[in-house]
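> A predicted structure for the sequence below; I have some questions about it.
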Amino acid sequence: MKRRFPILAKVFILGIGVSILTAGTAVIISYLNQRQRSEETLINNIDNSLSQIEYVFTESSDSSIYLDSLTNIRNYVEGKYDKSVDKKLEDCASFEEFANYYIEKYPWIYPHDRYGLVFKEEADFKVQYYSVLNLLNYSQISSAGRSVFLSFTDNTNTMVMLADSRQTNIKLDHLDSFFHVPGSYYEIKDSDYFIDNQHEKHYGYILDGYRTRFTRIYKPGGSDTDADVLATIYIEYDLTQVEQDSLEILRKELLVLGFSSLALVGIYMLFSYLLFVRNINKLSAVSGEISQRLNNKNMNQAIVVPIRSNDEMKVLSDSLIEMQDAIINYVDIIHKEAEERERNNAELLVASKIQLDSLPKNIFEDNNVSLRSYIKTAKEVGGDFYDYFYLDDHHLVTLISDVSGKGIPASLFMMKGKELIKSALQSYTSLVTAINSVNNMLTKNNEELLFITSFIGIIDFKKNEIRYVNAGQEKPYIISKDGVHKLDGEANIVLGVEENYQFIEESHPFNKDDILFMFTDGLNESINKEREEFGYQRIEDNLKDIGDLSLDNVIERINHSLESFVGDEDQFDDVTMIIVKNKDKELSLHYDKKDYSIITEIVDEFNKSFPDLSEGTKAQAGIIVDETVNNLISYEKREDLVIDVVFKVTSEGLLIRFVSNGDDYDPFVNHQEKYLEEFHSEIKEGGFGLSIIKDFAKSYSYKYKENHSIIDIIIEQ
Amino acid sequence: MEINIMHGEQLVFALNGRLDTVTSNELLDAFAKEEVKEEMVIVDMKDLEYISSAGLRALLAMKKELVQKGKSFEVHNLNSVCKEVFKVTGFVNILTVK
C-alpha cells in the first residue's frame, strides 16, 4: 500500500518551500543593496580624504612646504634605492627578516622607536619626512582606510615606497607589509589593476590583497602627465569589513523573515484544514458509513452530509448525497429483484416437481415385465422424459426422449410431446402411423424450432418381440442369452422439424429373460475432468454379466460407475435410463426394512402371483422364505439391510432367489455339524431351518457378488 | 394365523394359516394366557398350510412346559408338508404326532 501523505503535510512542505524561495530572494537582494551602500560610503570617505590630502599638497597655504618636502623625499629615495636589493617579502619567513634585510642593505635607514624604519639624515630632512608621515597618519584616521602610503613609480613601472601611515607608532615586529620599508619596491603586474564598474573614474590596484584608491601629486610647474608625477598617494581599504557588516544585517533579517514565514505557513495550514481537510474528513466518514451500511444490508435511509461551505466542497457533498439516493434506489431495486428471483425459483421448483410427477413411477412390476427407470436432471426443469403404458393386456409401450434446450420452454414442449405420443399411440393401430402423426403435429406452430429425439418401442409379450421407431435417439441395448448388443436400425430424424416425414418402423425379438436398456445421451456424453466422455463401451461393460443382478442393481451399478468416472465435475445434461425385462413368470420383491413382518408380505405376494402352483409347492416355498429371511434378518448386523426376493418358474422348477446386501456368509457350509449340535441341544434354531431347506430343495447355491449375497433355491414344481 | 381354542376333555389349539417366524409367538402368547386344567393339550394342524422351524420351536416350548406339569402334548392332523418337516428335523421322535 502506498503510504499516506496528508494534505496538511503537503501544505507545510509547500509553504516552507515558497517561504525559503521568497525570503531567500529578498534577503539576497537586501544583502547586495546593503553591501553596495556600505562600499559606497567607504569609498566616499576615502575619496574625501584623498581630496583633502591633495588639497594640502597643491592648494593650501602650506602646499609649497609639503610639496618641497615630498620633492626632497622622492629625490632622496630615488637616489638611494637599489634594485639589486631584491629580496621579496614572500621569500622571507617573517616581516622582521625582511626588514632586517633592508636595514642591512640600506645603511641609510634605521628603526626609529616611534616611526618605524626611517632615514638616517639631518634633522631638517627628518622633520620634513615626519610631517609627511603625520599627514598620512591623519588621512588614514579620517578616511577609515587601512593605510595611506606614498610612492613613486619609476620608468620601469616599479612602485618604490616613500612613506606609509602605518610607520607611525608601530614597532618593527608589528609591521606586516613591504610598504613599511622606505626604498622597498614592487613591480606592478597587469593583474594588479582593477576597474570598479560602479566607479569608472576611480580605479586602482589590488595590492597585498587589499584594494587601493589613489591620487597623483605632480611636480611643481609640471604638466598633468605620467612623466611629471612626483608621487602617488594610495589609500588602501578593506572590503571584508563591509561584507561582515552586511552579513550581520543579513542574519538579523533572516531571523525575522524565518519567523514571519513560519507564521504564514501556520496560517495556510489552518485555512487548508478549515477549507479542505475538515470537510474531506466529514465526507469520508459519511462514505465509510455508507459502505458499512451496505455491508450490513442496512442501506435504506440517507445519511446527513454535514457540509456547510459554499465552495467546491459543497459540490462534492451534493454529489455524495445524489450518489446516496441512487444507492438507496438501487438497493431497493435489488431487493425487489431478489424477491422476484426467489419467487421464480420457487415456481421453477414447482414446475420441476410437476414435470417429474408427470412421469410414471420408477418401479413397475407385473407378470409380463419388470421395469425400472432413473432420471437425474441437470437443471431444475429438464428436457428428458420417459413413459410406459399398456395399449392392451400384452402390448407395452416404452419410450425415452430428450427435448432440445433446457428450462421452462423445453419442459412445456416435452409435456406436449409426451401427451401427443401417448394419445396417438392409443388412437392408431400402427406404430409408424402414430409417430408420423405426432411428428406432423409437433412440426406445426413450432416457432421456437424445438425438437424431440425419441425412441418409442412397443413390446408384444405374446410374440415376444419389440417393434420400434427410433427418432434420432440413442440406440438402446438388448441383453439376451447371446450377450449385449445395440438395437441397430434406421435412426430416422428427430420429431418436430420436418412435416410429412415417413418414419421407418422396425422390429426385433424380445424373448423371455431378455432385457432392454434405454438411455439418453446425458449418460454416454457425461464427461470427466479430462473432458473424456463416459462413452458406449463403459455402458456395455456394465451391462455384461448381469444375469444374477436385479434391475435395481444394474441401475445402481451404472450409476456407481458413472459417478466414479465423472468425479466432481458438474452434470451438464439430464441422465435418464430405463431398463425393461421380459419376465418369464417371475415375481420380484424388494424390501429395505429389517423386519420379520416382510416374511408374511413375501409369502402373500407369492401366493397371489402364482395361483396355479400346487399347494405343496406353495407350502414348501413359504417355509423356505420363512427360514431364509428369518436367517438373513437374525444373523445380519447391519440395520440398512435390503432384501430382494425373486420367484421364477423355470424349466427346472420354481427358483427362489434371495439377494441381500448382508455379509458374505454361506448358510450351506458346515451345516451338518451345526445341525447336529443344535439337534442335541434341542432348542436352538437355524439348523432345523437349513435342514428343512436342504430337504425341500432340488438344488441350492450360494454366491457373493458385488457386495451382495445371493442364495438360489430351486424346488420341484 | 387363526387360533381356535376349545376346552373339554383335552385343550385343543386348532391352527389355521401358517405357523412361522411371525406367527409362532401368537401361538405361544395364546398358550401362555390359557389356564390348562385338562390333562392333555392338542395342537390341531388340520387347516395349517405349513410349519417352519420357528413353529417347531414354539411346539417344543409348549411341550417342555406341559411335561414339567405332568401333562401330555400331541400334534394332530399334519398335512404332507408338515409331516415332511417333522420327519426331516427329527420332531417325529420328539413330539407325539397323530
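Happy to help now that I have it.
> What strands flank the helix or strand harbouring A:Ile579, and is each parallel or antiparallel?
Taking DSSP states H and E as the criterion, the element that holds A:Ile579 is strand A:575-582. When pairs are called by DSSP bridges, strand A:575-582 turns out to pair with strand A:369-376 (antiparallel), strand A:515-519 (antiparallel).
> Point out the most buried one among the ones you listed.
Neighbour counts averaged per stretch over the strands paired with strand A:575-582 are highest for strand A:515-519, at a mean of 24; criterion: mean count of other Cβ atoms under 10 Å in any protein chain shown. In this view, the C-beta of every residue, glycine as well, is placed from N, C-alpha and C.
> looking at the strands paired with strand A:575-582, which has the lowest confidence?
For the strands paired with strand A:575-582, mean pLDDT drops lowest on strand A:369-376, to a mean of 92.
> Next SSE downstream of that one?
For strand A:369-376, the following helix or strand on the C-terminal side (DSSP H and E) is strand A:384-392.
> where does the closest residue to A:Val331 other than its chain neighbours fall, phi/psi-wise?
Nearest residue to A:Val331, sequence neighbours excluded (Cβ to Cβ, 6 or more residues apart in numbering or on different chains): A:Met299, at 5.0 Å. Dihedral pair for A:Met299: phi -90, psi 80, per degrees, to the nearest 10.
> contacts for stretch A:250-261?
A:15-16, A:19-20, A:22-23, A:26-27, A:30-31, A:34 (Cβ atoms under 8 Å, 6 or more residues apart in numbering or on different chains).
> which regions of chain A lie under the pLDDT threshold?
Filtered on pLDDT under 70, chain A yields the residue ranges A:1-2, A:168-180, A:193-209, A:379-382, A:651, A:670-686.
> Next one: the most centrally placed residue in chain B from B:Val88, what distance?
Among the residues of chain B, the one closest to the centroid is B:Val43, at 3.9 Å (Cα atoms, centre = their mean). Between B:Val43 and B:Val88 the computed distance is 19 Å (Cβ to Cβ, to the nearest Å).
> just the helices in chain B please.
Residue ranges of the helices in chain B, as given by DSSP state H, are B:24-33, B:53-68, B:80-89, B:91-94.
> Any buried residues in the longest one, and which?
By neighbour count, with 16 or more other Cβ atoms under 10 Å in any protein chain shown as the criterion, the buried positions of helix B:53-68 are B:53-63, B:65-66.
> got the contact list for the strand holding A:Ile579?
Contacts of strand A:575-582 from elsewhere in the structure, counted by Cβ under 8 Å, 6+ apart, are A:368-376, A:378, A:384-386, A:388, A:396, A:398, A:400, A:402, A:459, A:461, A:464, A:510-520, A:522-523, A:526, A:551, A:554-555, A:558, A:562.
> Same question for stretch A:49-63.
Outside stretch A:49-63, the residues touching it (Cβ under 8 Å, 6+ apart) are A:66-67, A:70, A:135-136, A:139-140, A:142-143, A:145, A:148, A:213-215, A:217, A:233, A:235.
> now do stretch A:701-717
The list of residues contacting stretch A:701-717 from outside it, by Cβ under 8 Å, 6+ apart, reads A:548-549, A:553, A:557, A:613-614, A:617, A:620-621, A:624, A:628, A:649-650, A:652-669, A:693, A:696-700.
> out of these, who's near chain B?
On the criterion Cβ under 8 Å from any Cβ of the partner chain, A:620, A:696 are the entries of these that sit beside chain B.
> chain center to the strand holding A:Ile579: distance?
How far strand A:575-582 lies from its chain's middle: 52 Å, per Cα atoms, centre = their mean, to the nearest Å.
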